[in-house]
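Participant: fold the stuff below for me.
(one chain, ligands or ions: 1)
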Amino acid sequence: MTNVAVIGSQWGDEGKGKVVDWLSERAHVVVRFQGGHNAGHTLVVDGVTYKLSLLPSGIVREGKLSLIGNGVVIDPAALLSEIAAVGKLGVSVTPDNLRIAENCPLILPVHRKVDQMAEAIRGKGKIGTTGRGIGPAYEDKVARRAIRVCDLADEMLLRSKIETLLVYHNALLKAANAEPMTVDEILAPLLAVAPKILSFAMPVWLLLDSLRREGKRILFEGAQGIMLDVDHGTYPYVTSSNTLAGAATVGSGMGLSGIGYVLGITKAYTTRVGSGPFPTELTDDIGAKIGKIGNEFGTVTGRARRCGWFDAVLVRQAVKIAGIHGIALTKLDVLDGFDSLKICIGYRHDGKLYDYLPASMKIQAEVEPIYEEMPGWPESTHGKRSWVDLPAQAIKYIRRIEELIECQVALLSTGPKREDTILVRDPFVD
Ligand code: IMP
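Facilitator: Reported below is the predicted structural model:
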């Protein structure tokens, strides 16, 4: 029995929420370790749709413990409204089923303001962030001026930390002709939510250590995807955290040896929200058709996702960088009925061939995809629950992907419901 980290192998939105929910049936604990409420995970359970951003996907299952690790940036107001929203759907969130690391940095209203201001200044070169203050909150963490969950317990300390923080941010806001913020604008709402947030706070690393010793099965739930990783993604069009499996240890306090299997969630085609390079993007009718069938609209911002063919070069890169043991292939059914399908097997740039995506932002923007074409399948794969029910051509598509990305399929998701899942290899017992 091993602990599993689930991460996205493309640009996010691969369907992690559903797979984590499915796997959490066999896990005792689900842990978020990076990102914040920029993430959007949609779960459909017994006909009820849950849209989660910050809460670990395990929260909708009774008897599971959900943990938010120190690598996550928390907007306290967003967390409490998400807790209230799932409460209305019958999910009760208490310190019995949710614990938050006391060393989590907080996202404050000033971070949102600075995020939106920075995007406006970037103009055409904007990143297309979710505008939720994620980047500025991580900047404050690295700059060692972040306000953390544990600081909520001490009003004097909190006030003085906010004063220090505002010296920096107000200088930026003034330079951009924006209204500076006052200490009380930040402090008052924090003090109002402090008791509630603190009721969930604890040293999560310590809890994880004892859960591990007790032999509990732990599932680490990543957000975004490898191509949005701040180091390995399509920089600067990335999020501000590391999205690799390695981030699960840093962002939770669980030692490296505590994670035995990395499951990469991979969509059967490619999507991206926000700006940045996307070599296999389809700006034609085919892209629009994929987007429509796949319902490719952001859970968090509602933005239409850009759609394109499967990029085997990028996913192979993700498999290697993140040490992915097996993939969960999702949304295969969206490709049902296409006459033919293309898979990107390499790039061409300036007379040179690449079997990886180089780091240069100029080359990333200019590479031309090299495609291989395969026939599609007229039959439906939607909701299929056994490998033998899949059309032969769909199996050929999967096998070719496995070959090109140098990694095998462990799970196949054929629809949004929990039950629409074919298990090939169980990550927990691999
Ligand atoms: P930020 O994380 O809000 O700073 O946004 C940085 C980039 O990451 C933008 O291109 C966002 O669209 C993208 N991004 C952030 N979170 C997600 C996600 O959960 N899914 C897909 N893209 C995301």
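Participant: C-alpha only now, for contacts and for neighbours.
Facilitator: Will do.
Participant: so which elements touch the longest helix along the chain?
Facilitator: Secondary structure of the chain read by DSSP state H shows that its longest helix is helix 155-175. The contact analysis (3 or more C-alpha pairs under 8 Å, 6 or more residues apart in numbering; DSSP states H and E) places helix 155-175 against helix 109-122, helix 183-200.
Participant: so which of those helices comes closest to residue 62?
Facilitator: helix 183-200 (17.5 Å; C-alpha to C-alpha).
Participant: list the buried residues of that closest one.
Facilitator: Neighbour-count burial for helix 183-200, counted by 16 or more other C-alpha atoms under 10 Å, picks out 183, 186-187, 190, 194, 197-198, 200.
Participant: which residues of the stretch 1-150 of the chain lie near the ligand?
Facilitator: 11-13, 38-40, 127-132, 134-135 (C-alpha under 6 Å from any ligand atom).
Participant: now list the buried members of those residues.
Facilitator: 11-13, 38-40, 127-132, 134-135.
Participant: what residues does the stretch 251-400 of the chain have near the ligand?
Facilitator: 273-275.
Participant: how much space between the closest residue to residue 224 other than its chain neighbours and residue 39?
Facilitator: The spatially closest residue to residue 224, leaving aside those adjacent along the chain, is residue 12, at 4.0 Å (C-alpha to C-alpha, 6 or more residues apart in numbering). According to C-alpha to C-alpha, to the nearest Å, residue 12 stands 8 Å off from residue 39.
Participant: hey, what's in contact with both of the two?
Facilitator: 223-224 (C-alpha atoms under 8 Å, 6 or more residues apart in numbering).
Participant: picking that back up, between the residues of the stretch 251-400 of the chain next to the ligand, which has the most around it?
Facilitator: The most crowded member of these is residue 273, carrying 22 neighbours; neighbours defined as other C-alpha atoms under 10 Å.
Participant: and the gap between that one and residue 138?
Facilitator: Taking C-alpha to C-alpha, one finds residue 273 at 20 Å from residue 138.
Participant: do you know which of the helices and strands packed on helix 155-175 lies nearest residue 338?
Facilitator: Using C-alpha to C-alpha, these put helix 109-122 closest to residue 338, at 37.8 Å.
Participant: for whichever helix or strand comes after the closest one, packing partners?
Facilitator: Using DSSP states H and E, the helix or strand that follows helix 109-122 in sequence is helix 134-142. The contact analysis (3+ C-alpha pairs under 8 Å, 6+ apart) places helix 134-142 against helix 109-122.
Participant: for the helix it packs on, the distance to its chain's centre please.
Facilitator: Centre-to-centre, helix 109-122 and its host chain are 21 Å apart (C-alpha atoms, centre = their mean, to the nearest Å).
Participant: buried residues in it?
Facilitator: Result for helix 109-122 [16+ other C-alpha under 10 Å]: buried residues 109-119.
Participant: next, the angle helix 134-142 makes with the longest helix of the chain.
Facilitator: Put simply, helix 155-175 runs at 120 degrees to helix 134-142, going by axes from the mean of the first three to the mean of the last three C-alpha atoms, to 10 degrees.
Participant: many thanks, have a good one.
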